[in-house]
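S.K.: here is a sequence with its predicted model. Questions after.
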Protein chains: 2
Amino acid sequence: MSLIVQKYGGSSVADADRIRNVARRVARTRDTGHRVVVVVSAMGKTTDGLIALAHQVTGRPKEREMDLLLSTGEVVSSALVTMALDAMGYQAIGLTGWQAGIRTDASHRRARILGIDPTRIQDALAQDMIVIVAGFQGMTEEQDITTLGRGASDTTAVALAAALEADQCQIYTDVPGVLTADPRLTPEARKLKEISYDEMLELASLGAKVMHNRSVELGAIYGVPILVASSFTDEPGTLIHGSVAMEVRNKVRGIAHDLNVAKITIIGVPDRPGIAASIFAPLSAAGLNVDTIVQNASVNKITDLTFTVAQGDLAAAMALVQPVAREIGARECLSDAHLGKVSIVGTGIQNAPGYAARMFEALHQEQINIEMITTSEIRITCVVAEDRVQDAVRALHRAFELEKPED
Amino acid sequence: MSLIVQKYGGSSVADADRIRNVARRVARTRDTGHRVVVVVSAMGKTTDGLIALAHQVTGRPKEREMDLLLSTGEVVSSALVTMALDAMGYQAIGLTGWQAGIRTDASHRRARILGIDPTRIQDALAQDMIVIVAGFQGMTEEQDITTLGRGASDTTAVALAAALEADQCQIYTDVPGVLTADPRLTPEARKLKEISYDEMLELASLGAKVMHNRSVELGAIYGVPILVASSFTDEPGTLIHGSVAMEVRNKVRGIAHDLNVAKITIIGVPDRPGIAASIFAPLSAAGLNVDTIVQNASVNKITDLTFTVAQGDLAAAMALVQPVAREIGARECLSDAHLGKVSIVGTGIQNAPGYAARMFEALHQEQINIEMITTSEIRITCVVAEDRVQDAVRALHRAFELEKPED
């Protein structure tokens, strides 16, 4: 008999009807002969409501007690889903994070799971029970309640699947799975049947916010197959796993994008050791996140340096960079506040010939100017004008034939 | 340095403003040099809301998970009060019932406290912290969450005061203390400065619903002085304790009443062994609570038997009693659905001469007919017509000069 861990997000348990719906889905999985452990998020906007309540009491809520407060949301969901299953005649037990054996460090509001003692869950499974665990939370060695950060019920589910050596971790949410692009930008966007952990990480960080990277990384480390699917339909969803077969396929799997990009270019930078550090150290100290960095080939020991930041950070970054540029004798600082990024993602595409060329050609045919280019193992990214990002996503989706169903 | 346990009820922590108010009151107690442990109820109508939510999911919510669900209400309050104290610059820590060491049996929704391990609270107190405990809950040996029954945060507070050997347990609520009578019936009702545990138990069960009997009983057993006072004013409240000085005073301390009384009289009952059992066993089996029972002196082995039930139980009780009455050869069954009770309460009054006579005389002067009379160690109760209860309470309040301030 196989073991399945299922996770249902806040919108899937938002009210009594939806809770009963989740219970029916869990029951169906049980009926097909699987053992089932369920992880639930807080109902709908509960967590936001609790945060607002804390801020009504004080502008700076104490973090230890914020965790105590927020943890109650998921406990409510776990109790209610358990009641619904019990009412349907299923043996079920609801557990808080600490009752489920989830042990964390003491970093309140962003605790990391240190380990899981699965004894209580295993005992319940051995008694043929369905186990419903409150997501997003755990307990320190000192028996303090912690939470794992927003959206971390996914992490609870994948970590439990790893600890219990589950056959699959199923993440049920309000989207049908992982798509080839954002459907708001490309109506032709299509759901992927499967994707590798690495590809998923690139797609998530570049805009396809289906799952938190942290839980995908955890799945990759422990080799937990993760199915992402809708809790409102019976569509099959997308399987995230580490199959070798996929790696040799060398295909573009999806188009990621980011509409929040600004660029700073320092022209006429003397090309000598220590210059880059003198430019980026003050940005880092100010907590400004620098994304892509490109440095042109040096001509006569003079080069141009370009990097991107989030649009909201541009003014602060310019204020820090301009004095440094003067000090090192650079010619001038230019900026552009209205850029975006578009990326093709697929395992192996960087090393396979032709993908970059096809990408640039597709953008050229749409007369989209490429401002910057960066690549990673499984991704090629172009920075383009913000108002051309949508055209770029559509052109690339067509160029790499992503609308066509997988074999 | 003395140790005070304070309990704040649901209306005292109903919103962010009131939570800050509670924090200020706690802080003031700390500032006067006391160590403080605080017990809190769920905010306002939270518990009712959670019960309603469970009933939206299923008509018969599983009890273990009902406790898991309901326990979250008090945890929220404990987190928020702790945050408010922290924001005011006080060292404070919020604890769930299980974190506070409250161990119970496994009777979900009405668990009894088996013991308290005060180690964690004592450690926090030793570090000069204010400890805020979620009331109404505990944990079984199997690490399941339990609740102690409605209104049982009082019980948590008194039990903690006993375990910690606190100097006083202060119950803050939305009434100013224990009154000599219900002020809705007698505008002259006056707050008592002090009262014995036994008197408090009689006043509570007879209508002055200030505290649950269970927590008063616990206070009596462990000798915990309990102060009942308003959380909205700085009035001194009423001290419930076991002082000997009070016992010799032999005064009427308060007038209790109950407007929900119905009476059944079986006329012509053969006075032989086993008759009472044959009448009351079916009522008990049906879960109908019989209150006062009076049997007249037997004449020619024939007697009349009268007892009272709640008005809502009258029809069911009559349906059970009538066939039995026929079977045992009684003459007839009569009932009266519109009665009430009025009682004078005071330690020692049953054995002191004159109290009963003064009571009957006062009722007689108001032309109030006495249907039944019962007495206990510290109480004399008359059953009268429901529509004369208010007149009776006022007459007795005057007759025993309860409007006069205590020495």
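M.R.: Happy to help now that I have it.
S.K.: C-alpha only now, for contacts and for neighbours.
M.R.: Will do.
S.K.: show me where the stretch 251-400 of chain A has strands.
M.R.: For the stretch 251-400 of chain A, the strands defined by DSSP state E, counting those that start in this stretch occupy A:254-270, A:293-295, A:302-309, A:332-345, A:372-376, A:379-385.
S.K.: need those strands in TSV with mean pLDDT, mean neighbour count and distance to A:D15, can you?
M.R.: TSV is the format used below for the strands of the stretch 251-400 of chain A (pLDDT from 0 to 100; neighbours: other C-alpha atoms under 10 Å in any protein chain shown; distance: least, C-alpha to C-alpha, whole Å):
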stretch	mean pLDDT	mean neighbour count	distance to A:D15
strand A:254-270	92	22	33
strand A:293-295	83	15	47
strand A:302-309	90	20	40
strand A:332-345	94	21	37
strand A:372-376	85	15	43
strand A:379-385	92	23	40
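S.K.: report the helix or strand with the lowest average pLDDT across chain A.
M.R.: Least confident helix or strand, chain A: helix A:244-247 with a mean of 52, by mean pLDDT, DSSP states H and E.
S.K.: returning to that earlier point: would you turn the strands of the stretch 251-400 of chain A into a markdown table with distance to B:I349?
M.R.: Output for the strands of the stretch 251-400 of chain A, formatted as a markdown table (distance: least, C-alpha to C-alpha, whole Å):
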| stretch | distance to B:I349 |
| --- | --- |
| strand A:254-270 | 82 |
| strand A:293-295 | 91 |
| strand A:302-309 | 84 |
| strand A:332-345 | 88 |
| strand A:372-376 | 91 |
| strand A:379-385 | 91 |
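S.K.: mean confidence for the one helix or strand A:I132 maps to?
M.R.: When elements are defined using DSSP states H and E, A:I132 is found to belong to strand A:130-134. Along strand A:130-134, the predicted confidence averages to a pLDDT of 98.
S.K.: ok now that strand, how far from the chain's centre?
M.R.: Distance, stretch centre to chain centre, for strand A:130-134: 24 Å (C-alpha atoms, centre = their mean, to the nearest Å).
S.K.: so what touches the helix or strand following it?
M.R.: Downstream of strand A:130-134, the next assigned helix or strand under DSSP H and E is strand A:137-139. Defining contact as C-alpha atoms under 8 Å, 6 or more residues apart in numbering or on different chains, one finds that strand A:137-139 is touched by A:71, A:96-98, A:101-105, A:113, A:145-148, A:153, A:156.
S.K.: now, those that are in helices?
M.R.: In this view, the contacts of strand A:137-139 that belong to helices under DSSP state H are A:71, A:153, A:156.
S.K.: gap between the residue of the stretch 251-400 of chain A found nearest chain B and A:D313?
M.R.: Residue nearest to chain B within the stretch 251-400 of chain A (C-alpha to the nearest C-alpha): A:G287, separated by 26.6 Å. Between A:G287 and A:D313 the distance, using C-alpha to C-alpha, to the nearest Å, works out to 10 Å.
S.K.: neighbour count winner among those two?
M.R.: For the pair A:G287 and A:D313, the greater number of neighbours falls to A:D313 (17 against 9), based on other C-alpha atoms under 10 Å in any protein chain shown.
S.K.: ok, now which ones touch that one?
M.R.: By C-alpha under 8 Å, 6+ apart, the residues touching A:D313 are A:L288.
S.K.: same question for A:S11.
M.R.: The neighbours of A:S11, taking C-alpha under 8 Å, 6+ apart as the test, are A:43-44, A:173-174.
S.K.: tell me which of those residues is nearest to chain B?
M.R.: A:M43 (11.5 Å).
S.K.: what's the closest non-adjacent residue to A:I51?
M.R.: Leaving aside its sequence neighbours, A:I51 sits nearest to A:L70 (C-alpha to C-alpha, 6 or more residues apart in numbering or on different chains; 7.5 Å).
S.K.: I'd like to know which residues of the stretch 1-150 of chain A are adjacent to chain B.
M.R.: Residues of the stretch 1-150 of chain A lying near chain B by C-alpha under 8 Å from any C-alpha of the partner chain: A:16-17, A:19-20, A:53-54, A:56-58, A:60-62, A:65-66, A:68-69, A:72, A:75-76, A:79-80, A:82-84, A:86-87, A:93-94, A:99, A:143.
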